[in-house]
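Asker: Model the following, please.
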Amino acid sequence: AAEHFRHARTRYQSLPRPYDAALMAEAAGRCALAGSPETAAGVSELADAAQELEALAATWDLARVRAQLRAHPGAERPARGRPRYDERLSPREQEVAELAGAGLSNREIAATLHLSPRTVEQHVARALRKLGVPSRNDLTLKDRDTSGR
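Answerer: Alright, predicted model coming up:
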C-alpha cells in the first residue's frame, strides 16, 4: 500500500496539488511504519509530510503528523525552548542595533519597540559584544552579515 501512496503522491505533485501530495506522504509513511522493514522510510516520509503541511499552514494536519512522529521511537525530536543565537544577533537585537546605529537613544528605541529602556540597554550591549564594535555609532548594519551564514 505504501508504494501506491507514493505513486499517488508523485501524481499529485505533478498536478500541482501540494496538500493532497502531503497527505499521500503521510499515508505512505504510516503504511511504511506498520511494516517493520521500512521503518526509516516511514519516519522520513512523515517528516516530509510535516514539512509540507507546515509550509501550507495546515495546522490540524501538521499536529496529527507530528503526533505520529512523536509516537515513533526512531523519530528525531525537535529542540525545545528558545532558539540559540550564540554569536549571531537575534532578530530583536538586530532591530535594536539598527535603531541605535541610526542615532536613536535607548528611550526612543524603547518607545518605538514597546520595550523597557533597560531591555534596550541589554540588547545594545549584546549587539556591541557580538559584533565586536566599541560604540553605538559603529552599529550601522547595512554592510554586516548578522545572520551567521
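
Asker: the helices in this protein, which residues?
Answerer: 2-14, 18-34, 39-55, 59-71, 91-101, 106-113, 117-131 (DSSP state H).

Asker: quick one: the first one to helix 39-55, angle?
Answerer: Taking axes from the mean of the first three to the mean of the last three CA atoms, to 10 degrees, one finds helix 2-14 and helix 39-55 inclined to each other by 30 degrees.

Asker: And the last one, by the same measure?
Answerer: For helix 117-131 against helix 39-55, the angle by the same axes, to 10 degrees is 130 degrees.

Asker: Now do helix 117-131: distance to the chain's middle.
Answerer: Per CA atoms, centre = their mean, to the nearest Å, the displacement of helix 117-131 from the mean C-alpha position of its chain is 24 Å.

Asker: for the shortest one, same thing?
Answerer: Taking CA atoms, centre = their mean, one finds helix 106-113 lying 28 Å from the centre of the chain it belongs to.

Asker: in stretch 111-131, what counts as buried?
Answerer: Neighbour counts using 16 or more other CB atoms under 10 Å place 113, 115, 120, 123, 124, 126, 127, 128, 130, 131 of stretch 111-131 among the buried residues. In short, each C-beta sits where N, CA and C put it, glycine included.

Asker: again, but for stretch 56-64
Answerer: Buried positions in stretch 56-64, judged by neighbour count with 16+ other CB under 10 Å: 58, 61, 62.

Asker: do the same with stretch 86-105
Answerer: 88-90, 92-101, 104.
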